[in-house]
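In: Structure for this input, please:
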Amino acid sequence: MHAAALRCIYTIALYLALPFFVLRLWWQGRSQPGYRLRIGERFGLAPARADAMPLIWLHAVSVGEVQASMPLVMGLRRRLPACRLLVTTTTATGAAHARRLFGEEVAHAWFPYDTPDVVARFVRRTRPALLILMETELWPNLLRACARRRIPSVLVNARLSERSLRRYARARPLVAAMLGDLAGLAAQTDADAERFRALGMPPGRVRVTGSLKFDVGSPDGLAARIVACRRDCGEGRPVWIAASTHEGEEEQVLAAHARVCAEVPSTLLVLAPRHPVRARQIAELIERHGFSCRRRSAGEVCEAGTQVYLVDTLGELIPFYGAADAAFVGGSLVAVGGHNLLEPAALSRPIVSGPHHFNFAEIGERLRAAGALSLVEDSATLAAEITALLRSPATCRHRGEAARSVVDQCTGAAERLLAWLAGIMADGRPGGSAHHGR
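Out: You can find the predicted model right below:
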């Protein structure tokens, strides 16, 4: 089917779904009030600009993309002080994290729904000079609107798994049209670049710049926050963290912790779920397992008999990685695809992951080859791995140093991206509208 026909079907389906999207926002707002704030922005009613300063619009869906964008945002502020920066997010947790990282110096808005009238209104009111999309954010009507207005748009830190390639290939004409509207694409790896080319990305517009997530850096005051988090966990006891866990995963982590405690009785588990809104459900699960628990959101600190510390807050994962002796990265014992392995690696922590880490497959292979990452299959093998690490501080230290060395070898993506983006802004040309028969 032709790209224009596929875009039309997509747009009609999106219009029909809009009432349900609004109802979903209202429902999500029951537990996360941020979803009910400034809903008009999702329909393009961003604050209208009166100044003439160039604006760079960066879209980062949620917490992970916002965190990955940090070195890029900081670099843009440093290199282009005469430009304004606007960060859009889709989730309330992403919005909160953007405010925490960037403060008032970077504007924030909700990402608009991808219908022709909404994106036209949003673009007209914000007047961006450049659109930067993070990772795999491809939106047909937004990219078309920017191309028609000669606003260059780029996809950065781009990644595409084999599974995603097969899914996108089902609508290849539409995907190829979207890629043709891009002024450029900066892929994380050669394999990612090749997959995007296979979908129709013009080869001359593709660059391989590496992963921004290697450029995690150290936020100001991180060392002091790590010391404080370790103090709240309790001094002189083994600590492991299960980070970014999902529903169906906490049960396995807690079963593993019971085995660990049988071997190393003083061990504390720091449990940091991916979505803190599930904290009450997880606290009940911890209670059913018979563990003594404290909750971070209540301002509680651990006592000698505390067995699980539920970190149900936002923005504290990195210092708790630093406070732990070993790290399990969640979303990997369930088929989510895993989460950022580089955050604990940058803090020299040995890393454990489940079998489902396809979102970070290449990074995982680098870490495994360096001896920094071990893979487990279930709660029993997770318990055995964590127990072995906690019993051997020397092994923890050796594997942590190996993890950090991988990060050090792969940094520099932000600087490569900044140089590339400066060229695109100077050139000012969007993707060509003559591609793919449009």
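In: who touches the most centrally placed residue in the chain in this structure?
Out: Closest residue to the average C-alpha location of the chain: Gly64 at 1.7 Å, with CA atoms, centre = their mean. By CB atoms under 8 Å, 6 or more residues apart in numbering, Gly64 lies in contact with His339, Asn340. For glycine as for every other residue, the C-beta is placed from the backbone atoms N, C-alpha and C.
In: And it, which helix or strand is it part of?
Out: Gly64 is part of helix 63-79, with elements assigned from DSSP states H and E.
In: I'd like the next helix or strand past that helix.
Out: strand 84-89.
In: Could you list the domains of the chain?
Out: Per automatic domain parsing, the structural domains of the chain span 3-210+413-437, 222-409.
In: Go through the ones you listed and find the least confident stretch.
Out: With a mean of 90, domain 3-210+413-437 has the lowest mean pLDDT of the domains of the chain.
In: quick check, distance from it to the centre of its chain.
Out: Its chain's C-alpha centre and that of domain 3-210+413-437 lie 14 Å apart, by CA atoms, centre = their mean, to the nearest Å.
In: Over to stretch 359-369?
Out: The answer for stretch 359-369 is 16 Å, by CA atoms, centre = their mean.
In: Then stretch 231-238?
Out: The chain centre lies 29 Å from the centre of stretch 231-238; the measure is CA atoms, centre = their mean.
In: Which residue ranges of the stretch 151-300 of the chain form helices?
Out: For the stretch 151-300 of the chain, the helices defined by DSSP state H, counting those that start in this stretch cover 162-169, 172-180, 190-198, 222-233, 250-263, 279-288.
In: can you list those helices in JSON lines and add distance to Ala242 and mean neighbour count?
Out: Listed next are the helices of the stretch 151-300 of the chain as JSON lines, based on distance: least, CB to CB, whole Å; neighbours: other CB atoms under 10 Å:
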{"stretch": "helix 162-169", "distance to Ala242": "25", "mean neighbour count": "14"}
{"stretch": "helix 172-180", "distance to Ala242": "36", "mean neighbour count": "22"}
{"stretch": "helix 190-198", "distance to Ala242": "29", "mean neighbour count": "18"}
{"stretch": "helix 222-233", "distance to Ala242": "14", "mean neighbour count": "16"}
{"stretch": "helix 250-263", "distance to Ala242": "4", "mean neighbour count": "19"}
{"stretch": "helix 279-288", "distance to Ala242": "11", "mean neighbour count": "16"}
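In: Identify whichever of those lies nearest to Ala413.
Out: helix 190-198 (12.5 Å; CB to CB).
In: Can you name every helix or strand that the closest one contacts?
Out: With contacts taken as 3 or more CB pairs under 8 Å, 6 or more residues apart in numbering; DSSP states H and E, helix 190-198 sits against helix 162-169, strand 184-187, strand 206-208.
In: Can I get those in JSON lines including distance to Ser31?
Out: Converted to JSON lines, the helices and strands packed on helix 190-198 look like this (distance: least, CB to CB, whole Å):
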{"stretch": "helix 162-169", "distance to Ser31": "30"}
{"stretch": "strand 184-187", "distance to Ser31": "36"}
{"stretch": "strand 206-208", "distance to Ser31": "41"}
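In: Which one of those lies nearest to Glu385?
Out: So among the helices and strands packed on helix 190-198, helix 162-169 is nearest, using CB to CB, at 26.4 Å.
In: Name the residues that touch the closest one?
Out: With CB under 8 Å, 6+ apart as the test, helix 162-169 has contacts from Thr136, Leu160, Val175, Arg195, Ala198, Leu199, Phe358.
In: what sits against the fourth one?
Out: Going back to what we said before, that points to Arg195. Counting by CB under 8 Å, 6+ apart, the residues that Arg195 touches are Leu160, Glu162, Ser164, Leu165.
In: Just give me the longest helix of the protein.
Out: Assignment by DSSP state H gives helix 3-28 as the longest helix of the chain.
In: So which elements touch the next helix or strand after that helix?
Out: Following helix 3-28 in sequence order, the next helix or strand is strand 55-59 (DSSP H and E). Packing partners of strand 55-59 (3+ CB pairs under 8 Å, 6+ apart): helix 63-79, strand 84-89, strand 130-134.
In: among the ones you listed, which is the most enclosed?
Out: strand 130-134 (a mean of 25; mean count of other CB atoms under 10 Å).
In: That one versus helix 63-79: what angle between them?
Out: Strand 130-134 and helix 63-79 are oriented at 140 degrees to each other (axes from the mean of the first three to the mean of the last three CA atoms, to 10 degrees).
In: How about residues contacting strand 130-134?
Out: For strand 130-134, using CB under 8 Å, 6+ apart, the contacting residues are 54, 56-61, 65, 68-69, 72, 139, 142, 146, 151-157, 421, 424-425.
In: Who does it pair with, and is each partner parallel or antiparallel?
Out: Paired neighbours of strand 130-134 in the sheet (DSSP bridges): strand 55-59 (parallel), strand 153-158 (parallel).
In: Measure how it sits relative to strand 84-89, angle-wise.
Out: Using the same axes, to 10 degrees: strand 130-134 against strand 84-89 is 30 degrees.
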